[in-house]
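Colleague: sharing a model prediction with you, sequence too.
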Amino acid sequence: MTSDLPLDAAAVLELERQARHQGTGLTLQQLDGCWRLNTTWSRQGATAPKASSLLLRALQASLELEVDASDLRIANQVSLGPLQLRFEGGATLLGLRPLLQFSFSTVQLKLGSTRLLERTLAQPKPQRMPFFALIGMGEDASWLCARGRGGGLALWVKDPAVQR
């Protein structure tokens with residue numbers, strides 16, 4: 001991990017304050033990769049219960065962003081051994097802060113390489129689209145911090161083992 005990784009809610013809230021005033025300048029290319037969930041905080045910045053963060057890490061909760069030309073694909077997944085629950089769809093980067101607005105179009109349940117279930121998901125109305133307000137990224141692009149539509153804060157660490 002890097003020395004500039006924000007380790008507490010106060011540091012994340014300060015990054016958010018700066019992002020609201022100055023933006024982050026993050027680009028699609030900087031977001032490309034697999035991001036492992038590291039820490040979550042409540043809307044007000046209170047640390048989430050340790051059990052919650054431990055469970056999400058144990059389930060290998062991750063956010064995958066893949067840039068193809070000017071198109072952005074998003075996947076969110078959790079895994080328990082060979083069992084994987086994965087949501088996939090498209091995303092758009094909007095504004096200077098920016099907002100990563102997304103919509104999942106499919107959900108899959110896999111056991112190893114065997115697909116047990118795949119369903120198409122209904123698209124939300126434009127005013128109900130989920131998003132992450134991007135707060136900041138490490139100088140070496142090793143971490144990413146954002147606030148979700150529901151108000152919670154999340155810190156992801158880039159998985160160097162997943163290369164594109």
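Modeller: That came in fine, so what should we check first?

Colleague: show me which helix or strand of this structure is least confident by mean pLDDT.
Modeller: None of the helices or strands of the chain scores lower by mean pLDDT, DSSP states H and E than helix 50-58, at a mean of 82.

Colleague: over to Ile74. Which of the three states is it?
Modeller: strand (DSSP: H, G, I helix; E, B strand; the rest coil).

Colleague: what sits against it?
Modeller: 63-66, 88-91, 100, 102, 104 (CB atoms under 8 Å, 6 or more residues apart in numbering). To be clear about C-beta, it is placed using only N, CA and C from the backbone, and glycine gets the same treatment.

Colleague: just the buried residues of those residues.
Modeller: 63-66, 88-89, 91, 100, 102, 104 (16 or more other CB atoms under 10 Å).

Colleague: just those residues now: which is nearest Thr24?
Modeller: Nearest to Thr24 among these: Leu100, at 10.8 Å, using CB to CB.

Colleague: tell me the buried residues in whichever strand or helix holds that closest one?
Modeller: Assigned by DSSP states H and E, Leu100 belongs to strand 99-111. Neighbour counts using 16+ other CB under 10 Å place 99-104, 107-108, 110 of strand 99-111 among the buried residues.
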